[in-house]
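Asks: Predicted model and sequence follow; I will ask about them next.
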Amino acid sequence: MSSTYPDSIPLVILENKVLLPSVVTKVTIRGREASTLTRKLQAWQDKRQEAYVGCTPLKTLTTNSSDSQAVDESPSEPSTAPQMPMPSSSSNSTSNGRNLANDLYSFGCLGRVIRVERVGFGGYAIFLEGLARFRVEQILQERPHVLAKVQHFVEEVDMATNVEDGDLANQIAAFRVLSKAFVNKMRDLQLPDPLIAQLSKLMDNSKPGVLANILVSVIETTYEEKLDYLSTTTLKARLIMTNEWMTRQLHVSEKRVLKISQQIHSNIEGKLSKKQREFYLRQQLNAIKNELGEKDAPETGDNAAGSEDEEMSELKRRLLAAMLPKDVEATAMRELKRLKKLHSASAEWSVARTYLDVVADLPWSKSTQDVLDISKARSQLEGDHFGLDTVKRRVLEYLSVIKVKGDLKAPILCFVGPPGVGKTSLGKSIATAMRREFHRISLGGVRDEADIRGHRRTYVGAMPGLIIHGMRKTGVNNPVILLGMFKCSYMIILSDILISYIFMVFLDEIDKTAQSSHYGDPSAALLEVLDPEQNNTFSDHYLNLPFDLSKVLFIATANSVDTIPAPLLDRMELIKIPGYTFEEKLHISRQHILPKQIKAHGLNLNQIDISDTVLLSLAENYTRESGVRNFERKIASVVRAKCVEWAELREAEDTKSYNGIIEECDLERILGLPPYEKEIAQREAVAGVITGLAYSGSGNGEILLIEASHMPGEGKLQLTGSLGDVIRESAQIALTWVKSHAYDLKLTESSKTNLVENRDVHIHFPAGAVAKDGPSAGVALATAIVSLFSERRVPPTTAMTGEISLSGRVLPVGGIKEKVLSAHRAGIKKIIIPARNRRDVTSDIPANIQNDIEFVFAKTICDVLDAALILDQRGIEIHAPWIANRFESHL
Ligand SMILES: Nc1ncnc2c1ncn2[C@@H]1O[C@H](COP(=O)(O)OP(=O)(O)OP(=O)(O)O)[C@@H](O)[C@H]1O
């Protein structure tokens, strides 16, 4: 095979790629060899001579390819690889440690240099066009670059104008069919369009040999296969190889196309909305049914439209059934019309749909028939609750007015009292007596007007407010709605001052929120709800339609009125429900709680036998609360224990051994040691320790210990126990007063001596985690300091409350009733209270408690000290007044 190409050519060693004739490639070379070779090439080009380079691949794939081209996977060496003849002077290895004789493949492809470019530092890119195969006959030199003597194989196809070989003709025909199919498949595989366009063009114009070379460079083949192809010098053999590889590639591509289409399918599925997915699945189902010849499937679109129409007509039917007022109906129908025009997949559609659902559900005209039978109401209230006579009387008056007058434009009732005193259950009883639906709305923590009035529909996820929600829930427009008013956090309040303090905080925050356009004033919304003049056109932001609340019977409950804004308070009639005494608790438990709990545990009334003494001791030793909720829990525990006993004996078929009697000793077994065992009464009298009375934010009265102590120091006053500013000031006033009267009180030798010259005073209020504030601990603080320095003591069963002025006068305080009841529960025998609170005692305190407790009404701190500090250092009672005459002269 003769050729015009030079016999000795410089070699470029290709790593991991094979150059084939008719294919253009870029080869990057580096190092000293590169610069000498490229200089030579450029010299040829300068002389306008064709420059040729032989590209010889390595026998095997290398792992650190210096060329950026793709490499084949198989690293195995072809077993039949011919050996390379080497020059005798050769060291048999190149500068980079490569052994050319062993590593270099014996065939290569002659490349015509198209262009040489410098790349990076010391690198050159040579653009080559593959021309013809060659076999390396001998390596002539290795340095400065590899030079080899080669034998060229001119491409057979160039000469094959007439194909006489039948086999070759068959292969060419198969090749044409396969190559067409292959290019088409490449389109499916979404290969770059320019490549496909180029291949399509070549298919029409190129000879099979050229096209085969190009296709082999594109087809997925192994490195060894490519080397085989390079060293195959006959066209027929090359076409056989190409046909085989194309068939294989077509098969692989088929699978790949399938996989890609599956992937696209699953991606689309993931992105489909519910509606679209349904549509898509229905289409598939129809297609399958068509395939199976089951032609009955109705058109999907019609089906969906049908169900939507049904939904709309059902909604319309509900709206008409709701008997909306005229203007409301007009708005609702307009909205329905708009809804029909909206696409059911749109967000606007679901907003409008939910709105119309709310409108249709609201009880615009539906109400229950009132049964206003006063005697029945009386027996209902009597049956459900023990005591609470004034409350029951007021409720019956209220109901009578409603009956006679025929409307509810009476002031709203507000039950005020500590937790668990029966406010909610009274509300329920009223609803039952009137045969009305009952709904409770808790306003605890409501700071936002939108909670009451709802959010405008433009907000995402907007809903009606608590009132409209309640109306929807009860389903009638005349329920009894119990509004649980604002509850403040647990805080011990020592006087009225604190009441306004908390009130201020509340208002303060309301002020802040009112300035913001976001929140608004919740009490303003409540005003509208509770005002009989306005509530027949209550407007909820969500509903945006007037709703008539005038038939609703609103009852408010509150633990304390202090946090209720004044305008709201003004619209309500307060009915106070104070805490219960132990005797009242005993009756409540006997008549209501115990039977209720026995029934709730599935026992018969005669299966539990608990005496009054045991019940009383359960109340006294295991509870300290104004209401009966905790007491009820304890009773439930006792009944449960008996229930277990009964169940076990029944299992053992020994029910005869069951004993329903509950003894006092059983209480300890079931409930553990009593937590409140007369701790106040049993306390020893200590100088500087006083029992004070407090009133907590939850409406409960409390017993509060005050401890004073002194130590060497500089006359400082230290206060601990989570105290607020007002109580701190009270302590300061008390100390100042004692210091200024120290001589009169016989605490110092002369009127010029400073009582706390070398001493610091520390006053502590135990239960340090509970915040305390208010001025009503004033008298107790002054008494504690006097007791501390005089060593005189106050009996532990004496408690006191009252504010003091700097001049020693005792000022009135609030919460007297709650304080006295809690003192009674704790076993206090003597209470010192301001003289101006006498009326609270005589009018509010039950007679039996007035009999149990000795009340001292103090005008001045002098009266307090006289009544309180009656024990000497040894604890012996001193009956003579111990305050010196000189003190009285100063007052
Ligand atoms: N005088 C009473 N007679 C009978 N049962 C009572 C009486 N007072 C309270 N109860 C019972 O005590 C339990 C608690 O009462 P309820 O829930 O009405 O308290 P409340 O005052 O509403 O408390 P809160 O302020 O915490 O809401 C109920 O089971 C109720 O029946």
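Replies: Alright, I've got the coordinates. Numbering: from 1, shown residues only.

Asks: use CA for all of it now, contacts and neighbours both
Replies: OK.

Asks: Give me the buried positions along stretch 215-234.
Replies: Judged by neighbour count using 16 or more other C-alpha atoms under 10 Å, the buried positions of stretch 215-234 are 215-217, 220-221, 223-233.

Asks: ignore the last one, stretch 627-646
Replies: Buried-residue list, stretch 627-646, by 16+ other C-alpha under 10 Å: 627-632, 634-643, 645-646.

Asks: Filter the residues you listed down to the ones in strands?
Replies: Using DSSP state E, no member of the buried residues of stretch 627-646 sits in strands.

Asks: Keep those, but drop any that are not near the ligand.
Replies: Residues of the buried residues of stretch 627-646 in contact with the ligand (C-alpha under 6 Å from any ligand atom): 628, 629.

Asks: Identify those among the buried residues of stretch 627-646 that sit within helices.
Replies: Within those, residues falling in helices by DSSP state H are 629-632, 634-643, 645-646.

Asks: Can you name the residues of the protein sitting close to the ligand?
Replies: Checking the chain against the ligand by C-alpha under 6 Å from any ligand atom, the hits are 384-387, 418-425, 559, 588, 592, 628-629.

Asks: which of these are buried?
Replies: Those of the residues of the chain next to the ligand that meet the buried threshold are 385-386, 418-424, 559, 588, 592, 628-629, by 16+ other C-alpha under 10 Å.

Asks: Out of those residues, give me the two with the largest separation.
Replies: Longest distance between any two of those is 22.6 Å, between 559 and 592; criterion C-alpha to C-alpha.

Asks: Can you list the strands that whichever strand or helix holds residue 557 pairs with?
Replies: Using DSSP states H and E, residue 557 sits in strand 553-558. Taking DSSP bridges as the criterion, strand 553-558 pairs within the sheet with strand 412-416 (parallel), strand 480-484 (parallel).

Asks: which stretch among those comes nearest residue 755?
Replies: Here strand 412-416 is closest among those (C-alpha to C-alpha), at 46.2 Å.

Asks: any residues touching the closest one, and which ones?
Replies: Strand 412-416 has contacts (C-alpha atoms under 8 Å, 6 or more residues apart in numbering) with 423, 530, 554-561, 571-578.

Asks: next structured bit after it?
Replies: Following strand 412-416 in sequence, per DSSP H and E, is helix 423-434.

Asks: And the contacts of that following helix?
Replies: Contact with helix 423-434 is made by 370-373, 376-377, 380-381, 384-385, 415-417, 437-438, 479-480, 482, 555, 557, 577, as judged by C-alpha under 8 Å, 6+ apart.

Asks: Between the two ends of stretch 738-748, what distance do you get?
Replies: 11 Å (C-alpha to C-alpha, to the nearest Å).

Asks: which residues of the stretch 501-650 of the chain fall in strands?
Replies: 538-539, 546-547, 553-558, 572-576, 609-610 (DSSP state E, counting those that start in this stretch).

Asks: Relative to the ligand, which residue of the stretch 201-350 of the chain is the closest?
Replies: Closest residue of the stretch 201-350 of the chain to the ligand, C-alpha to the nearest ligand atom: residue 322 (33.7 Å).

Asks: what about that residue, neighbour count?
Replies: Neighbours of residue 322 under the rule other C-alpha atoms under 10 Å: 18.

Asks: list the contacts for it?
Replies: Contacts here follow C-alpha under 8 Å, 6+ apart; on that basis residue 322 touches 360, 361, 362, 363, 364, 365, 366.

Asks: Can you lay out those residues as CSV showing neighbour count and pLDDT?
Replies: As requested, the contacts of residue 322 are arranged in CSV below (neighbours: other C-alpha atoms under 10 Å; pLDDT from 0 to 100):
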residue, neighbour count, pLDDT
360, 23, 90
361, 18, 89
362, 24, 90
363, 23, 90
364, 21, 89
365, 15, 85
366, 13, 85
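
Asks: check contacts around residue 127.
Replies: By C-alpha under 8 Å, 6+ apart, the neighbours of residue 127 are 24, 25, 26, 27, 113, 114, 115, 116.

Asks: need those in TSV with pLDDT, secondary structure and neighbour count, can you?
Replies: Formatted as TSV, the contacts of residue 127 follow (pLDDT from 0 to 100; DSSP: H, G, I helix; E, B strand; the rest coil; neighbours: other C-alpha atoms under 10 Å):
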residue	pLDDT	secondary structure	neighbour count
24	84	strand	18
25	84	strand	18
26	84	strand	19
27	84	strand	22
113	85	strand	21
114	83	strand	16
115	80	strand	15
116	80	strand	19
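
Asks: With respect to residue 18, which of those residues is nearest?
Replies: Proximity of the contacts of residue 127 to residue 18 was ranked by C-alpha to C-alpha; the top entry is residue 25 with 9.6 Å.

Asks: And the buried ones among the contacts of helix 423-434, selectable in PyMOL?
Replies: Filtering these down to the buried ones (16+ other C-alpha under 10 Å) takes a single PyMOL command:
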select buried, resi 372+377+380+381+385+415+416+417+437+438+479+480+482+555+557+577
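
Asks: Output the below-cut-off pLDDT ranges for the stretch 151-300 of the chain.
Replies: 156-165, 188-192, 256-280, 282-284, 286-287, 289-300 (pLDDT under 70).

Asks: where exactly do the helices run in it?
Replies: 156-159, 166-188, 193-205, 208-218, 223-231, 235-271, 274-292, 300-321 (DSSP state H, counting those that start in this stretch).

Asks: how does this structure divide up, domain by domain?
Replies: The chain resolves into domains spanning 8-154, 159-267, 374-576, 582-671, 689-890 when parsed by automatic domain parsing.

Asks: For these, please prepare JSON lines with the additional fields distance to residue 318.
Replies: As requested, the domains of the chain are exported to JSON lines (distance: least, C-alpha to C-alpha, whole Å):
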{"stretch": "domain 8-154", "distance to residue 318": "71"}
{"stretch": "domain 159-267", "distance to residue 318": "41"}
{"stretch": "domain 374-576", "distance to residue 318": "14"}
{"stretch": "domain 582-671", "distance to residue 318": "40"}
{"stretch": "domain 689-890", "distance to residue 318": "45"}
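
Asks: Show me the strands paired with the longest strand seen in the chain, marking each as parallel or antiparallel.
Replies: Criterion DSSP E: the longest strand present in the chain is strand 123-141. According to DSSP bridges, strand 123-141 forms sheet pairs with strand 24-30 (antiparallel), strand 107-119 (antiparallel), strand 147-153 (antiparallel).

Asks: show me where the stretch 451-600 of the chain has helices.
Replies: Ranges of helices within the stretch 451-600 of the chain are 466-474, 496-515, 522-530, 566-570, 582-588, 594-600, based on DSSP H, counting those that start in this stretch.

Asks: By mean pLDDT, show me the worst of those.
Replies: Ranked by mean pLDDT, the helices of the stretch 451-600 of the chain bottom out at helix 496-515, which scores a mean of 28.

Asks: returning to what we had before: please indicate which of the strands of the stretch 501-650 of the chain has the most neighbours on average?
Replies: Ranked by mean neighbour count, the strands of the stretch 501-650 of the chain are led by strand 553-558 with a mean of 25 (mean count of other C-alpha atoms under 10 Å).

Asks: looking at the chain, which helix or strand does the model trust least?
Replies: helix 496-515 (a mean of 28; mean pLDDT, DSSP states H and E).

Asks: Show me where the stretch 651-800 of the chain dips below the pLDDT cut-off.
Replies: Residue ranges of the stretch 651-800 of the chain with pLDDT under 70: 677-682, 696-700.

Asks: those strands in it, which residues are they?
Replies: So, for the stretch 651-800 of the chain - with DSSP E, counting those that start in this stretch - the strands run 661-662, 689-696, 701-712, 717-720, 759-764, 772-773, 798-800.

Asks: for the second one, packing partners?
Replies: Of the remaining helices and strands, those touching strand 689-696 by 3 or more C-alpha pairs under 8 Å, 6 or more residues apart in numbering; DSSP states H and E are strand 492-493, strand 701-712, helix 778-790, strand 798-800, helix 816-825.

Asks: ok, residue 816 - how many residues close by?
Replies: 25.

Asks: Give me the distance between it and residue 808.
Replies: In terms of C-alpha to C-alpha, residue 816 sits 21 Å off from residue 808.
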